[in-house]
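> Kindly return the folded structure for what I paste below:
(2 chains)
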Amino acid sequence: ELKVEQNPLFLSMQEGKNYTIYCNYSTTSDRLYWYRQDPGKSLESLFVLLSNGAVKQEGRLMASLDTKARLSTLHITAAVHDLSATYFCAGTADRGSTLGRLYFGRGTQLTVWP
Amino acid sequence: NAGVTQTPKFQVLKTGQSMTLQCAQDMNHEYMSWYRQDPGMGLRLIHYSVGAGITDQGEVPNGYNVSRSTTEDFPLRLLSAAPSQTSVYFCASSPTYIWRQETQYFGPGTRLLVL
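Model (predicted):
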């Protein structure tokens, strides 16, 4: 079983500021995923990170993966109110080519204020 | 494509009642799974299936049954509902093999309250 820890769990930030959400996991994981969830809604896929050193960017969000440190980060640049949501990271303990079972962190609830 | 659909959206049960949460996908995905989400928690895997006729347990399987008779459908059965099963339930599907660089696609969720 894979243990996934996110921090911080709550993040309140001013518009225009930068911040990083951290995701640590307990054992080797081939892949790391980031999801966004708006209140009362389902999960929306943001990033799929498949290899060590992978970096992906979409708008003001950038995700990276360091498999040696068992760490993924989600960096927020110049935050805007629309980024307010809960962000989850998830890893898989299954090796090889199968997508397998996902283990989720507890989520980071992000609030961006003017 | 409708993607992943779940019914019902909301359900209230009394302790001891049974019910089935429905999940269907029209993307021809081999892999389907059920998660529950409790306040302040991430999603926890209940059961999953890698194809029709094949199911297995996840992290929190007790009190739930599943079956997979077709590729499209993956119902979740609560055998005898308990207040501890009050939660939001998400169904997800994906292709099995990662070289398609796919992720899991989630349904809209079913909110269940057990009194």
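> these two touch, right, A:Thr111 and A:Gln14?
No - between A:Thr111 and A:Gln14 there is no contact under CB atoms under 8 Å: 10.1 Å. C-beta coordinates here come from the backbone N, C-alpha and C atoms, glycine included.
> Between these two, point out the one with more neighbours.
A:Thr111 (13 against 10; other CB atoms under 10 Å in any protein chain shown).
> anything in the host helix or strand of that one near chain B?
Assigned by DSSP states H and E, A:Thr111 falls within strand A:108-113. No - residues of strand A:108-113 are not located near chain B by CB under 8 Å from any CB of the partner chain, the shortest gap being 8.9 Å.
> pLDDT score for the closest residue to chain B within chain A?
Scanning chain A for the residue nearest chain B gives A:Phe104, at 3.3 Å (criterion: CB to the nearest CB). Predicted confidence (pLDDT) for A:Phe104: 93.
> That one and B:Met19: what is the separation?
For A:Phe104, the distance to B:Met19 equals 25 Å [CB to CB, to the nearest Å].
> of those two, who's got more company?
A:Phe104 (23 against 15).
> hey, what's that one bridged with?
A:Ala90 (DSSP bridges).
> hang on, isn't it packed against B:Leu43?
Yes - A:Phe104 lies in contact with B:Leu43 (CB under 8 Å); the separation is 4.5 Å.
> okay, and the common contacts of the two?
Both A:Phe104 and B:Leu43 are in contact with A:88, A:90, B:35, where contact means CB atoms under 8 Å, 6 or more residues apart in numbering or on different chains.
> Neighbours of B:Val12, how many?
B:Val12: 11 neighbours (other CB under 10 Å).
> Give me the contact list for the helix or strand of chain A with the lowest mean pLDDT.
Across the helices and strands of chain A, mean confidence by mean pLDDT, DSSP states H and E is lowest for strand A:102-104: a mean of 89. Residues lying outside strand A:102-104 but in contact with it, judged by CB under 8 Å, 6+ apart, are A:1-4, A:25, A:33, A:88-93, B:33, B:35, B:42-45, B:59, B:104.
> Dump the shared contacts of A:Phe104 and B:Leu43 to JSON lines, plus distance to B:Thr86, neighbour count and pLDDT.
Output for the shared contacts of A:Phe104 and B:Leu43, formatted as JSON lines (distance: CB to CB, whole Å; neighbours: other CB atoms under 10 Å in any protein chain shown; pLDDT from 0 to 100):
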{"residue": "A:Phe88", "distance to B:Thr86": "21", "neighbour count": "26", "pLDDT": "97"}
{"residue": "A:Ala90", "distance to B:Thr86": "23", "neighbour count": "26", "pLDDT": "93"}
{"residue": "B:Tyr35", "distance to B:Thr86": "15", "neighbour count": "27", "pLDDT": "97"}
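> Which single residue of chain B ends up nearest chain A?
For chain B, CB to the nearest CB, closest residue to chain A: B:Gly42, 3.3 Å.
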